[in-house]
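Colleague: Coordinates only, no sequence provided:
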C-alpha cells in the first residue's frame, strides 16, 4: 500500500518489489497509510468477533476443532479464521504484535476524528487491545494480536 504521485510510484516500484509481492498504488501521498490503518481496523474487528464466537462456543462445551471447521466452511470464514485455526492452538509468540495492533487502532481513531467519522466498533476494539496490552504489566504486548482470544476468556463469569 503506497501513496504518492503515479510517477513517483513507477520509479519506486522496482525497489518496493524487493519488500513484498502485493504492491498497490493507493493514490496521493498518505493514501497508503490510510489503506493500511483501514485494513488493520477491519482486521482487529474481525479478529475480536471471531474470538468472541469461539469463546461462546467453547463456553457451551463445543469442541474447538469442530467449531473452527464450521467457521472455516461457512459465513464466518475469514482471513482471521484461517490464520488462527482452532482456538487455543495458535503460537502467540510470533506474528503481528498486540502493541502494534493497538497503535494502528489509535491511528485509525485519529484519522476518523480528523475526517469527522465515528467508528464505534473501532473504538471498542481499540479499548480491548489497550486493556490487553496493559494486562499483567504489559506481559502480552509482544504476543500475536490473536491473543485477544485468551483475554476474552478472562472476562467470562465462569472459567
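Modeller: Cool, the structure landed. These numbers were taken from a predicted model, which means no experiment stands behind them.
Colleague: Which residue is the nearest non-sequential neighbour of residue 13?
Modeller: Counting by C-beta to C-beta, 6 or more residues apart in numbering, the nearest residue to residue 13 once its immediate chain neighbours are dropped is residue 23, at 6.3 Å. Where C-beta positions appear, they are placed from N, C-alpha and C, glycine not excepted.
Colleague: no wait, residue 76
Modeller: Using C-beta to C-beta, 6+ apart, the nearest residue to residue 76 is residue 53, at 6.4 Å.
Colleague: same question, residue 156
Modeller: Closest residue to residue 156 apart from its sequence neighbours, by C-beta to C-beta, 6+ apart: residue 59 at 6.2 Å.
Colleague: Looks like the one you found contacts residue 152 (just checking).
Modeller: No: proximity of residue 59 to residue 152 does not meet the contact threshold set by C-beta atoms under 8 Å, at 10.1 Å.
Colleague: After the top helix by length along the chain, which helix or strand is next?
Modeller: If each helix of the chain is counted by residues according to DSSP state H, the longest one is helix 31-59. Following the chain from helix 31-59 toward its C-terminal end, the next helix or strand by DSSP states H and E is helix 64-72.
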